[in-house]
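Asker: no sequence on this one, just coordinates:
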């Protein structure tokens, strides 16, 4: 009985420490999250002008520079000509 009386307050304290937000990005300098709805679109269903100036479109097998620019948006295109992922860099 003593164990139950001790465990109940400890469990309620631990429950109070949990966050209600399951995921919060640390940073999104290129604002990639606002373009995630475009993932899966096929070429022709989007225009390069739908993305900010300086966006880098990367088809498979394309050589890209390795310089990291946090504010640059990268749009990765797969072999089926669909947007596979969008990220910063």
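Answerer: Perfect, thanks for sending it. It should be emphasised that the depicted structure is a prediction, and the values quoted were computed from it without experimental measurement. Numbers count the residues shown, from 1 in each chain.
Asker: mind listing the strands for this protein?
Answerer: Ranges of strands in the chain, per DSSP state E, are 56-58, 73-77, 83-88.
Asker: Out of the ones you listed, which is the most enclosed?
Answerer: Each of the strands of the chain was scored by mean neighbour count; the highest is strand 73-77, a mean of 20, by mean count of other CB atoms under 10 Å. C-beta here means a position set from N, CA and C on the backbone, and glycine is covered the same way.
Asker: What average pLDDT does that one get?
Answerer: For strand 73-77, mean pLDDT rounds to 97.
Asker: That one - contacts with which helices or strands?
Answerer: strand 56-58, strand 83-88 (3 or more CB pairs under 8 Å, 6 or more residues apart in numbering; DSSP states H and E).
Asker: Pipe those into a markdown table and attach mean pLDDT and distance to residue 66 per row.
Answerer: Converted to a markdown table, those look like this (pLDDT from 0 to 100; distance: least, CB to CB, whole Å):
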| stretch | mean pLDDT | distance to residue 66 |
| --- | --- | --- |
| strand 56-58 | 96 | 12 |
| strand 83-88 | 96 | 14 |
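Asker: Closest to the centroid, which residue in the chain?
Answerer: In the chain, the residue lying closest to the centroid (CA atoms, centre = their mean) is residue 33, at 5.8 Å.
Asker: Give me the pLDDT value at it.
Answerer: 93.
Asker: residue contacts, the nearest residue to residue 85 once chain neighbours are set aside?
Answerer: In this structure, residue 85 finds its nearest non-sequential neighbour in residue 76, 4.8 Å apart by CB to CB, 6 or more residues apart in numbering. By CB atoms under 8 Å, 6 or more residues apart in numbering, the contact set of residue 76 is 58, 83-87.
Asker: what sits against residue 39?
Answerer: For residue 39, the contact set (CB under 8 Å, 6+ apart) comprises 83-86.
Asker: before we move on, what about residue 56?
Answerer: So residue 56 contacts 64, 72-75 (CB under 8 Å, 6+ apart).
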